[in-house]
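Colleague: Provide a 3D model corresponding to the input given below.
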Amino acid sequence: MSAMTDRDRIDGFIDAAWLSEGWSGHTADSYRRDLTQWADWLAQSGSDSLSAGPDQIRDYLALLAVRYAETAALSEVDKRRLPALMRGKNGASRGRLLSALRRYYRHLLEEETIAVDPTGELDGPRLVRPLPKTLSEVEVEALMRAPALDTPLGLRDAAMLELMYAAGLRVSELVALPLAAMNLAEGSVRIEHGKGDKTRLVPMGQPAQQAFRRYLAEGRPQLLGGRAHPIAFVNAHGQPLTRQGFWYIVKQYALRVGIAAQRLSPHVLRHAFATHLVNHGADLRVVQLLLGHADITTTQIYTHVAKARLATLHAAHHPRGRRGDG
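Modeller: Got it, this is the predicted structure:
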């Protein structure tokens, strides 16, 4: 499999935003154009968006300002004849670009593609990494019950939701999961090529095993129509699901059980998996291994989620926890 390029990452960001926020074609094109120009500029120096730091972003914005000033005297016709980088950008356009970069890098953070947002240092101290969107245990239970178990697709969806929550898989890992990676006898799933090309073995509970067994016996054969396929989860045409396809499935079930769209993210069940483990006292190093994080500082964000949840519960239920009680 070829390595992912900046163009691939930008496409993934645009697709995710289009699905979750209902972007218009004009908005998507505008973001794609700005981010592609940024990626092309980085490529000229042999860099890419994953290795870019705040200094490169500052240099790029400064270059656009200088180029805009240099071409200010040209007619609009002459400006349009120049490559986009040579034309530069005015203040409003640079602001829009910076907004696009912030959105893009926050997406990469949420996808766990990067550990630090380079746009966080541009204005004052580095921004704190935003807490991942997660769900309560009651909401997860409602989501697990949402698929109809009398259809092949419903059986598949139930198995996918249970497995993602039980094993804390990334969306990319789930949709590419080989059937051979499932060991139902031992109750585990093997992730051969997670982020960083590392292998990890993750246990899964009885509900996930039962859901997968039923999908394997009753759902998958109907979806494949007697054909063979190495990937565990397939769509109605017998082909592997895409990341966007799985995100659409999660969104539809979540809305069905009353979970607001703004509470969702493609990795919401992975975040719930980690948060609930920490809430129930799991060692952070164990959670790190289960998630496949190379650095424990990435895992530590879930301790902040747990503390935030405890503070909310205290405020809601303790007789002196409410604001204004003295």
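
Colleague: which residues touch A181?
Modeller: Contacts for A181 (CB atoms under 8 Å, 6 or more residues apart in numbering) come out as V189, R190, I191, E192, A232. To be clear about C-beta, it is placed using only N, CA and C from the backbone, and glycine gets the same treatment.

Colleague: gap between it and V202?
Modeller: Note on A181: its distance to V202, by CB to CB, to the nearest Å, is 10 Å.

Colleague: run through the stretch 101-250 of the chain and note the low-pLDDT ranges.
Modeller: For the stretch 101-250 of the chain, applying pLDDT under 70 flags the ranges 123-131, 193-197.

Colleague: 50 - rerun?
Modeller: Within the stretch 101-250 of the chain, the set of residues satisfying pLDDT under 50 comprises 124-128.

Colleague: which residues touch G53?
Modeller: Contact analysis of G53 by CB under 8 Å, 6+ apart lists P118.

Colleague: kindly report the same for L97.
Modeller: Shown in contact with L97 (CB under 8 Å, 6+ apart): D34, W38, L61, L64, K89.

Colleague: burial check on the residue lying closest to the last one once chain neighbours are set aside, number of neighbours?
Modeller: Nearest non-adjacent residue to K89, counting by CB to CB, 6 or more residues apart in numbering: L64, 4.4 Å away. Under the neighbour criterion other CB atoms under 10 Å, L64 is assigned a count of 22.

Colleague: what's the answer for A260, then?
Modeller: Residue crowding around A260 was assessed by other CB under 10 Å; the count is 8.

Colleague: mind checking how far the residue most central in space within the chain is from S265?
Modeller: The centroid of the chain falls nearest to E111 when counting by CA atoms, centre = their mean (3.4 Å). Counting by CB to CB, the gap from E111 to S265 is 9 Å.

Colleague: returning to that earlier point: the residue nearest to K89 and G88 touch, don't they?
Modeller: Yes. Look at L64 against G88 with CB atoms under 8 Å: they come within range, at 4.6 Å.

Colleague: contacts only, for A254.
Modeller: L143, A146, A261, R263, L264, V268.

Colleague: the first one sits in which helix or strand?
Modeller: This means L143. If you go by DSSP states H and E, L143 is part of helix 137-144.

Colleague: list the buried ones in that helix?
Modeller: For helix 137-144, burial by neighbour count (16 or more other CB atoms under 10 Å) applies to E139, V140, A142, L143, M144.

Colleague: relative to D29, which of those residues is nearest.
Modeller: Nearest to D29, judged by CB to CB, of these is L143 at 33.6 Å.

Colleague: pretty sure that closest one sits against L135.
Modeller: Yes. Shown here, L143 and L135 form a contact pair, counting by CB under 8 Å, at 7.1 Å.

Colleague: look up how far S93 lies from K133.
Modeller: K133 is 31 Å from S93, by CB to CB.

Colleague: having no further points to raise, I will conclude here.
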